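Q: next input, structure requested:
(2 chains)
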Amino acid sequence: MKKLYITSPLYYVNASPHIGHAYTQIACDTINRFFKMAGFQTYFMTGTDEHGEKVEKAAVKAGYEKGREKDFVDSVVPHFKELWKDLNIKFDFFIRTTDPSHEKTVQKILEIMKSKDDIYKGHYNGWFCTPCETFWTELQVKGKPCPDCGRRLEKIEEANYFFRLSKYQDWLISHIKKNEDFIKPDYRKNEILSFLKNPLEDLCISRPKERMAWGVELPFAPNFVTYVWFDALINYISGMGFLDDEKKFKKFWPADFHIIGKDILRHHAIYWPIMLRSAGLAPPKTIFAHGWWTVKGEKMSKSKGNIVDPRTVIKLYGTDALRYFLLREVTFGLDGTFSEEAFILRFNGDLANDLGNLVNRTLTMVDKYFSGKIPEARAGIKNSSLEGLSRGLKDKATHLRKTLESRISSFDFSGALSAIWEVINKANKYIEESKPWECSRNKNTKNLESIIRNLLETLRIISISIYPFMPVSSQKIWQQLGIKDGIEGASLTETEKWNLLKAGHKTCKDKPLFPRIV
RNA sequence: CGCGGGGUGGAGCAGCCUGGUAGCUCGCAAGGCUCAUAACCUUGAGGUCGUGGGUUCAAAUCCCACCCCCGCACCCA
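A: Just a heads-up that it's a prediction; the model follows:
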């Protein structure tokens, strides 16, 4: 059985999750569900990044005493977990960087790197703002006063530990060039390659405890903790059994997909592969950096206060509509604009008019013409015009799988959804062209049976196909078709087959799936 | 200044890597149908693909120059 290991980033817990977090999770979840349905043994890992200065400060701000950071993060993490539940994110493991097993692995890896002389002690120059207790790098201040409070900064020199990024630069460049799919999309790969044209500086991976103590202690220098990113990235292997459950680790590593936002690409495409290389491990196969959601042309940010809260959208329009919108509206990789107008347009146009209405009108006809029972599968009348139309619909529907597979494999969610919608549109057109109401008037039962049957089969295929994107609606259609088993047990291969529904079974027409927003 | 992204019918976008009748959604106009969530189906109007050069039999697509818009303190997918 083929395996697939997919990860989301670990979300930083210094604030509540917003639409961007939701976006990444939904993308991961959709890929995961799709491949699971395609027969892969998948493993989707997500979690939270809980150490570092920002969290330490957030804890203080929230009224926790120094040293009680763990209590603070314990209080925040449930917000993330709840949102993932509301968004129907189905992960296999939730890792927290404060998990003792993770911290232990981080320390072991630090030891390995130290023993290879990839970690060394050096000096770090920077600027310190005493009132803010904040440390700034030369790059951040460029000779100006404290960016936070505007007061004068003090130049300090600090002993710290460094990781030899520079040693692996040439290796990394050639690895990126040799592996087409290592960094996606291509324009991001080019960005990284052009960044790598300049020599890498070694990475400072420690913080003296006297300045910042909320982190994983360096095993060879108890007065220091490690830099958050160094700690966080390791989750991808610590949560997968590295140095712990070697059998599991061997099976799933290297990761197939690291799905991330474009802001954290350098950490993933530069630091992380080099860290792995130093530890003697293979790099991940693909790192995909997606774009940002903007609001009215502006970047979403806490300071601007224009954050879109996914919970509000879910309450108003439902989880599936949000999942659909985010994955359909924008080419994955590029930035997109989030607006309620665009959302409603998608909702009414695609979900209510096309999909919801198709389900509704089909099931109404089953009720009306066949008292809610699935009609017999009739062999088409040779060379009739109806046969031609029916074959067109059947071909379109049963060939959908191949398109979905290639598009989802290349992270083209929007393209995958359009392919599904082509089938939906085809079905709507089929109704117009085959005119079941005329068959009913003319008492042409055979043709009527055939038409309705074909529509129901198409709905069955659509239902499976949308499952990775909209699990709840998918299940609802499934139920309305009278299928008792859960949709999650369905296999993608069933979308290539026809006439699987059992004749005579009762369908269960329900309320419209997506009532139009007026 | 530099780096990155973008400029395609009224709006929002795809196509550009791998040149060869300019496509999608929404909106608009006309028509059709009645199973349906005033939904669905058909047809139509509307673009010299930012500007100027170049390569080519042929350029939205490749090359050069230029103009305009957005992002690059913190937060952050």
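
Q: do you know how far A:Pro185 is from RNA strand B?
A: Distance, A:Pro185 to RNA strand B, by CB to the nearest atom of the strand, to the nearest Å: 9 Å. For the C-beta atoms, the positions are set from N, CA and C on the backbone; glycine is no exception.

Q: in chain A, what helix or strand scores lowest on average pLDDT?
A: The least trusted helix or strand in chain A, going by mean pLDDT, DSSP states H and E, turns out to be helix A:138-141, with a mean of 62.

Q: tell me which helix or strand comes right after that helix.
A: Where DSSP states H and E defines the elements, the next helix or strand beyond helix A:138-141 is strand A:154-163.

Q: for that next one, name the packing helices and strands.
A: In terms of contacts (3 or more CB pairs under 8 Å, 6 or more residues apart in numbering; DSSP states H and E), strand A:154-163 is packed against strand A:119-129, strand A:203-204, strand A:206-208, strand A:221-226, helix A:272-278.

Q: and the helices in the stretch 51-200 of chain A, which stretches?
A: A:53-61, A:69-86, A:100-115, A:138-141, A:169-178, A:186-195 (DSSP state H, counting those that start in this stretch).

Q: could you provide those in CSV, with additional columns for mean neighbour count?
A: Formatted as CSV, those follow (neighbours: other CB atoms under 10 Å):
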stretch, mean neighbour count
helix A:53-61, 18
helix A:69-86, 17
helix A:100-115, 18
helix A:138-141, 12
helix A:169-178, 14
helix A:186-195, 15
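
Q: including distance to A:Pro9, could these go into TSV?
A: Listed next are the helices of the stretch 51-200 of chain A as TSV, based on distance: least, CB to CB, whole Å:
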stretch	distance to A:Pro9
helix A:53-61	15
helix A:69-86	12
helix A:100-115	15
helix A:138-141	22
helix A:169-178	20
helix A:186-195	15
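
Q: mean pLDDT lowest where, among those helices?
A: With a mean of 62, helix A:138-141 has the lowest mean pLDDT of these.

Q: out of the helices of the stretch 51-200 of chain A, flag the one nearest A:Lys368.
A: Comparison of the helices of the stretch 51-200 of chain A against A:Lys368 by CB to CB identifies helix A:69-86 as nearest, at 36.9 Å.

Q: could you check that closest one against RNA strand B for contacts?
A: No. Helix A:69-86 lies out of reach of RNA strand B by CB under 7 Å from any atom of the strand, never closer than 10.1 Å.

Q: so which elements touch that helix?
A: So helix A:69-86, by 3+ CB pairs under 8 Å, 6+ apart, packs with helix A:19-37, strand A:41-49, helix A:53-61, strand A:93-96, helix A:310-317.

Q: what's the closest of those to RNA strand B?
A: The closest of the helices and strands packed on helix A:69-86 to RNA strand B is helix A:19-37. By CB to the nearest atom of the strand, the value is 2.2 Å.

Q: any idea how far the residue of chain A positioned farthest from its centre lies from A:Ile517?
A: In chain A, the residue that sits farthest from the middle, by CA atoms, centre = their mean, is A:Asn442; the gap is 51.3 Å. Computed as CB to CB, to the nearest Å, the A:Asn442 to A:Ile517 distance reads 38 Å.

Q: do A:His258 as well
A: Taken as CB to CB, the span from A:His258 to A:Ile517 is 36 Å.

Q: do the same with A:Lys121
A: For A:Lys121, the distance to A:Ile517 - CB to CB - is 61 Å.

Q: mind checking which of these two has more residues around it?
A: Each of A:Lys121 and A:Ile517 has its neighbours counted (other CB atoms under 10 Å); A:Ile517 has more, 15 against 12.

Q: residue of the stretch 351-500 of chain A closest to RNA strand B, please.
A: A:Gly356 (1.7 Å).

Q: ok, now which ones touch that residue?
A: A:Pro512, A:Leu513, A:Phe514, A:Pro515 (CB atoms under 8 Å, 6 or more residues apart in numbering).

Q: could you redo the last one with a cut-off of 10 Å?
A: For A:Gly356, the contact set (CB atoms under 10 Å, 6 or more residues apart in numbering) comprises A:Phe347, A:Asn348, A:Asp350, A:Ser473, A:Ile477, A:Lys511, A:Pro512, A:Leu513, A:Phe514, A:Pro515, A:Arg516.

Q: give me the nearest residue to the fifth one, chain neighbours excluded.
A: Yep, that's A:Ile477 we're talking about. A:Ser463 (4.1 Å; CB to CB, 6 or more residues apart in numbering).

Q: isn't A:Phe252 right next to A:Gly241, touching?
A: Yes. Judged on CB atoms under 10 Å, A:Phe252 makes contact with A:Gly241 at a distance of 7.9 Å.

Q: which parts of the stretch 351-500 of chain A sit against RNA strand B?
A: Counting by CB under 7 Å from any atom of the strand, the residues of the stretch 351-500 of chain A near RNA strand B are A:352-357, A:359-362, A:364-365, A:368, A:418, A:425, A:428-429, A:431-433, A:435-438, A:440.

Q: and the pLDDT for A:His258?
A: 94.

Q: ok, then the element right after the helix or strand containing it?
A: Using DSSP H and E, A:His258 maps to strand A:257-261. As assigned by DSSP H and E, the chain's next helix or strand after strand A:257-261 is helix A:265-266.

Q: report all helices and strands that that following helix contacts.
A: On a contact count with 3 or more CB pairs under 10 Å, 6 or more residues apart in numbering; DSSP states H and E, helix A:265-266 meets helix A:186-195, strand A:286-290.

Q: figure out which of those is closest to A:Ile408.
A: Nearest of the helices and strands packed on helix A:265-266 (CB to CB): strand A:286-290, 12.0 Å.

Q: as TSV, the contacts of A:Gly356 with secondary structure would be great.
A: Below are the contacts of A:Gly356 laid out as TSV (DSSP: H, G, I helix; E, B strand; the rest coil):
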residue	secondary structure
A:Phe347	helix
A:Asn348	helix
A:Asp350	helix
A:Ser473	helix
A:Ile477	helix
A:Lys511	coil
A:Pro512	coil
A:Leu513	coil
A:Phe514	coil
A:Pro515	coil
A:Arg516	coil
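
Q: helices along the stretch 301-450 of chain A, start to end?
A: Secondary structure of the stretch 301-450 of chain A (DSSP H, counting those that start in this stretch): helices located at A:310-317, A:319-329, A:340-346, A:357-370, A:385-398, A:400-409, A:413-434, A:436-441, A:445-466.

Q: quick one: mean pLDDT for the first one?
A: What that stands for is helix A:310-317. Here the average pLDDT along helix A:310-317 is 93.

Q: just the third one next, same as before
A: Confidence for helix A:340-346, expressed as mean pLDDT, is 92.

Q: now do that helix: distance to the chain's middle.
A: Offset of helix A:340-346 from its chain centre (CA atoms, centre = their mean, to the nearest Å): 22 Å.
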